[in-house]
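> Return a 3D structure for these sequence lines:
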Amino acid sequence: MGSGRQLRQLRAVYAGGVVAWTLCLLLNLVGDDDSARQTVVLLGLLAVFLGLLLWSTWRLWEAGPRGAVARVEEGAAAPGESF
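From the prediction side, this is the model:
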């Protein structure tokens, strides 16, 4: 259960990175002092964070249903159910 929480926290960090690098890239493109090297670096950072965001989302999606099924099979109440 702890690894799922850590993965959700990582996904939040990656999502924040995607937003931050997108804003930096947009400000770089709008500003007057844009250089090709800076644009390429920002695009690279955006691609890395976007890839990590997709990876962490995929890992959470892959682990989510199995964990819920395993808890129900073990006899634990599913979220929203009470016995």
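
> what stretches of the chain score poorly on pLDDT?
Applying pLDDT under 70 to the chain picks out residues 1, 34, 65-83.

> again, 80 this time
1-2, 32-34, 64-83 (pLDDT under 80).

> In it, spot the helix with the most residues.
helix 36-73 (DSSP state H).

> Which strands or helices does that helix pack on?
helix 2-30 (3 or more Cβ pairs under 8 Å, 6 or more residues apart in numbering; DSSP states H and E). For glycine as for every other residue, the C-beta is placed from the backbone atoms N, C-alpha and C.

> List the buried residues of the longest helix of the chain.
Neighbour counts over helix 36-73 (16 or more other Cβ atoms under 10 Å) mark 42, 45-46, 49-50, 52-53, 56 as buried.

> and what of stretch 19-31?
By neighbour count on 16+ other Cβ under 10 Å, the buried set for stretch 19-31 is 21, 25, 28.

> so which of these comes closest to Arg37?
Arg37 lies nearest to Asn28 out of the buried residues of stretch 19-31, by Cβ to Cβ, at 10.9 Å.

> is it true that that closest one touches Thr39?
Yes. Counting by Cβ atoms under 8 Å, Thr39 is a contact partner of Asn28 at 6.1 Å.

> Tell me, how many residues neighbour Val18?
20 (other Cβ atoms under 10 Å).

> Now do the contacts for it.
46, 49-50, 53 (Cβ atoms under 8 Å, 6 or more residues apart in numbering).

> Next: Gln6.
So Gln6 contacts nothing (Cβ under 8 Å, 6+ apart).

> Export the buried residues of stretch 19-31 to a markdown table and append columns for distance to Gln9.
As requested, the buried residues of stretch 19-31 are exported to a markdown table (distance: Cβ to Cβ, whole Å):
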| residue | distance to Gln9 |
| --- | --- |
| Trp21 | 19 |
| Leu25 | 25 |
| Asn28 | 29 |
